[in-house]
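Visitor: the sequence and its predicted three-dimensional model are supplied below.
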Amino acid sequence: MPRVKGTTRPASPRSPRAAIAAPKLPDRPGRWKLLLRRRRNLLRPLAGLAVAAVLALLLIGTVHGIGQGLNFTERLGDVTARMGLRVAHIELLGQKKTPEPLLLAALGVSRGDPILTVRLAAARARIESIDWVQSATVERQLPGTIVVRIVERRPFAVWQNKGKFSLIDHDGKLVTDSDVATFFSQLPLVVGDGANSAAGALIDALSAHPGLLERVVAAVRVGDRRWNLHLKSGTDVMLPEGADVPALARLAQLQASDALLDRPLERVDMRLPDRLVLRPYPEKPRDGKSVDGKPVDAKPVDAKRGDSTPDSTPSTARKT
């Protein structure tokens, strides 16, 4: 084969020049060398644990030797406090109605206390036991700040039971029994045993009909089964058991179409599913006597009257 000018023939694999140009492969490590490498990888974590153990022992020895206290926690707090890790600031966030002295007393931390020994979970549990507090978080921010964040219960209604007034939240839990008079003009009033736990559903249903809600003076729980609504006009609306929502919707419809609640009615009985019983006020007496000349025994309207109270006033039944 003729040679082309300017080109060189590749070296033969068997030629000495090819042997010099070939790359040299590294030698494979020996058996013992591989074993040492594996042992070294295992020894590194063990060495780290050994160092950590030595440091821990030194720390424990230093705390027991220098710190003062009845146990290790107190001694650790004393040592770290000497190093400057003390409570210098306490931040209260979300606190509006909860009395600050009560909140600080539940926290159980004072300025100057060792910050590392503050038991956060126990402090949070004590704070959440306060009536006004719905939930709380307690954080430690080094070097010297304790941050308390609380979510307060929102007063939803005033609850009257056995002559005592309290503020309750939507779930019926007690918020406080002090400073209740401030909320009388702002919150609805519910009365009776069990009214606190059932108030949320009733007031939510009433809120869907603002025209009805603004007429209600008090909602009275009867036998912890159903409600009577005492209106500003003096009318009592007797709601059926377990059917508050449809009954209120029907009452709002009757008010819109017939102005039912604007009439001089003593009672509106909605307990029967197929009819509405209306009881008007008795006619005004003339000189202490009714229109038929008989004496009149005046009876006060009782908003707490239950189902079985006798009443001789004539009623008007209206099918609906």
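Guide: Sure, I can see it.
Visitor: what are the boundaries of the strands in the stretch 201-320 of the chain?
Guide: When assigned using DSSP state E, counting those that start in this stretch, the strands of the stretch 201-320 of the chain occupy the ranges 216-222, 226-231, 236-238, 265-269, 275-280, 316-319.
Visitor: run through the stretch 151-300 of the chain and note the low-pLDDT ranges.
Guide: The model of the stretch 151-300 of the chain has pLDDT under 70 over residues 284-300.
Visitor: where do the helices sit along it?
Guide: Per DSSP state H, counting those that start in this stretch, the stretch 151-300 of the chain has helices spanning 195-207, 210-213, 244-258. These are given in chain order.
Visitor: want to throw the strands of the stretch 201-320 of the chain into CSV with distance to residue 108 and mean neighbour count?
Guide: C-betas here are computed from N, CA, C, even on glycine. Conversion of the strands of the stretch 201-320 of the chain to CSV gives the following (distance: least, Cβ to Cβ, whole Å; neighbours: other Cβ atoms under 10 Å):
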stretch, distance to residue 108, mean neighbour count
strand 216-222, 39, 20
strand 226-231, 43, 22
strand 236-238, 50, 22
strand 265-269, 55, 20
strand 275-280, 59, 16
strand 316-319, 64, 10
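Visitor: nearest to residue 122, of the ones you listed?
Guide: strand 216-222 (38.1 Å; Cβ to Cβ).
Visitor: partner strands of the closest one, with direction?
Guide: The strands that strand 216-222 pairs with in its sheet are strand 189-191 (parallel), strand 226-231 (antiparallel) (by DSSP bridges).
Visitor: of those strands, give the one that comes closest to residue 109.
Guide: Distances from residue 109 to each of the strands paired with strand 216-222 were compared by Cβ to Cβ, and the smallest falls on strand 189-191, at 38.4 Å.
Visitor: and the contacts of that closest one?
Guide: The set of residues external to strand 189-191 that reach it, using Cβ atoms under 8 Å, 6 or more residues apart in numbering, is 157-161, 168, 196, 198-199, 202-203, 217-221, 303-304.
Visitor: mark which of these are buried, thanks.
Guide: 157-160, 168, 196, 198-199, 202-203, 218-221, 303 (16 or more other Cβ atoms under 10 Å).
Visitor: pull the number of nearby residues for the closest residue to residue 180 other than its chain neighbours.
Guide: If you skip the residues right next to it in sequence, residue 180 has residue 165 as its closest partner in space, 4.6 Å away by Cβ to Cβ, 6 or more residues apart in numbering. Here the count is done by other Cβ atoms under 10 Å, and residue 165 has 16 residues near it.
Visitor: so residue 165 sits against residue 177, correct?
Guide: Yes: at 7.1 Å, residue 165 and residue 177 qualify as touching, with contact defined as Cβ atoms under 8 Å.
Visitor: tell me the helices and strands packed up against the helix or strand containing residue 134.
Guide: Using DSSP states H and E, residue 134 maps to strand 133-141. If contacts are counted by 3 or more Cβ pairs under 8 Å, 6 or more residues apart in numbering; DSSP states H and E, strand 133-141 sits against helix 120-128, strand 145-152.
Visitor: taking helix 120-128 as reference, get the angle to that strand.
Guide: Per axes from the mean of the first three to the mean of the last three Cα atoms, to 10 degrees, the angle that strand 133-141 makes with helix 120-128 is 150 degrees.
Visitor: tell me the strands beside strand 133-141, with direction?
Guide: Partners of strand 133-141, by DSSP bridges, with direction: strand 145-152 (antiparallel).
Visitor: dump the strand it pairs with to PDB, keeping only the CA atoms.
Guide: As requested, C-alpha coordinates have been extracted for strand 145-152 and formatted as PDB (Å, rounded to 0.1, in the frame of the first residue of the first chain):
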ATOM      1  CA  THR A 145     -36.200  36.300  76.300                       C
ATOM      2  CA  ILE A 146     -39.400  34.300  77.100                       C
ATOM      3  CA  VAL A 147     -42.200  34.900  74.500                       C
ATOM      4  CA  VAL A 148     -45.800  34.000  75.400                       C
ATOM      5  CA  ARG A 149     -48.400  34.000  72.700                       C
ATOM      6  CA  ILE A 150     -52.100  33.500  73.600                       C
ATOM      7  CA  VAL A 151     -55.400  33.200  71.700                       C
ATOM      8  CA  GLU A 152     -58.200  34.500  73.900                       C
END
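Visitor: how far away is the nearest residue to residue 113 once chain neighbours are set aside from residue 100?
Guide: Closest residue to residue 113 in three dimensions, ignoring its sequence neighbours and counting by Cβ to Cβ, 6+ apart: residue 87, at 4.8 Å. Look at residue 87 and residue 100: by Cβ to Cβ, to the nearest Å, they are 16 Å apart.
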